[in-house]
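this one's structure only:
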């Protein structure tokens with residue numbers, strides 16, 4: 001009986017091994033592309049628009065959008081942000097004879113679209129807010145802030161990074 005079981009298992013194994021010798025792969029037996037017809041009805045026009053349904057909470061966002069893209073289909077989209085920079089503590093004594101040599105704002109960035117070497121098209125403006133932003137308040141993406149219309153940015157530098165260092169945007173500000 002033991003030999004009978006072994007023979008049955010061997011026969012079953014050989015049958016399964018050699019039973020699937022059909023050279024056709026799944027999908028080869030489907031009709032060719034010439035049997036399918038595709039048509040385009042050019043009399044119908046479809047117009048799509050993006051409509052902002054609501055604003056997004058943006059006061060605690062880790063990722064900020066900056067720039068302008070003008071797409072021939074979707075139109076112009078702008079990305080900007082407001083940020084209030086504060087000292088880490090309010091217990092710093094005022095230094096009477098301090099002379100500001102230079103002031104920079106540096107942002108690391110994770111990705112970009114376009115050519116960063118074409119700096120003529122990429123100009124950053126920095127303005128002073130004429131109102132405060134509070135840490136315990138909630139702000140939304142459609143909110144606007146009042147600012148003093150004097151551009152404080154005097155120069156900008158874009159570093160694209162490499163395998164050992166992060167990419168960053170460095171903006172020099174007016175010393176006054």
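It's in. Not measured: the values here are computed from a predicted model.

Now do the helices in this protein.
For the chain, applying DSSP state H gives helices covering 2-19.

Show me the shaky parts of it.
Low-confidence segments of the chain, defined by pLDDT under 70: 1, 4, 8, 10-41, 50-53, 90-92, 94-95, 116-121.

Nearest to the middle of it, which residue? Look it up for me.
residue 111 (6.2 Å; Cα atoms, centre = their mean).

gap between that residue and residue 89?
Plainly put, residue 111 is 34 Å away from residue 89 if you go by Cβ to Cβ, to the nearest Å. Placement of C-beta: from N, CA and C, glycine included.

Check the contact between residue 63 and residue 110; I expect there is one.
Yes. The pair residue 63 / residue 110 is scored as a contact, 7.2 Å apart, by Cβ atoms under 8 Å.

what about residue 164, distance to residue 144?
40 Å.

likewise residue 76?
In this view, residue 76 and residue 144 are 17 Å apart by Cβ to Cβ.

mind checking the backbone torsions on the closest residue to residue 80 other than its chain neighbours?
Leaving out its chain neighbours, the residue that sits closest to residue 80 by Cβ to Cβ, 6 or more residues apart in numbering is residue 66, at 6.4 Å. Note on residue 66: backbone dihedrals following degrees, to the nearest 10 are phi -140, psi 130.

got the contact list for residue 66?
By Cβ atoms under 8 Å, 6 or more residues apart in numbering, the residues touching residue 66 are 79, 80, 81, 124.

can you do 7 Å?
Contacts here follow Cβ atoms under 7 Å, 6 or more residues apart in numbering; on that basis residue 66 touches 79, 80, 81.

Can you tell me which of the residues you listed is nearest residue 150?
In terms of Cβ to Cβ, no member of the contacts of residue 66 lies closer to residue 150 than residue 80, at 16.7 Å.

what about that closest one, how many neighbours?
11 (other Cβ atoms under 10 Å).

and what of residue 97?
Neighbour tally, residue 97, other Cβ under 10 Å: 4.

try the one 3 residues further on
Neighbours of residue 100 under the rule other Cβ under 10 Å: 9.

distance of it from residue 107?
20 Å.

Which residue, neighbours along the chain excluded, lies closest to residue 159?
residue 168 (5.2 Å).

What distance do you get for residue 2 to residue 9?
11 Å.

Tell me where this protein has strands.
Counting by DSSP state E, one finds strands in the chain at the ranges 67-71, 75-79, 103-108, 128-129, 147-148, 153-159, 168-173.

ranking those by burial, who's on top?
strand 168-173 (a mean of 16; mean count of other Cβ atoms under 10 Å).

What pairs with it, parallel or antiparallel?
Paired with strand 168-173 in the same sheet, following DSSP bridges, are strand 103-108 (antiparallel), strand 153-159 (antiparallel).
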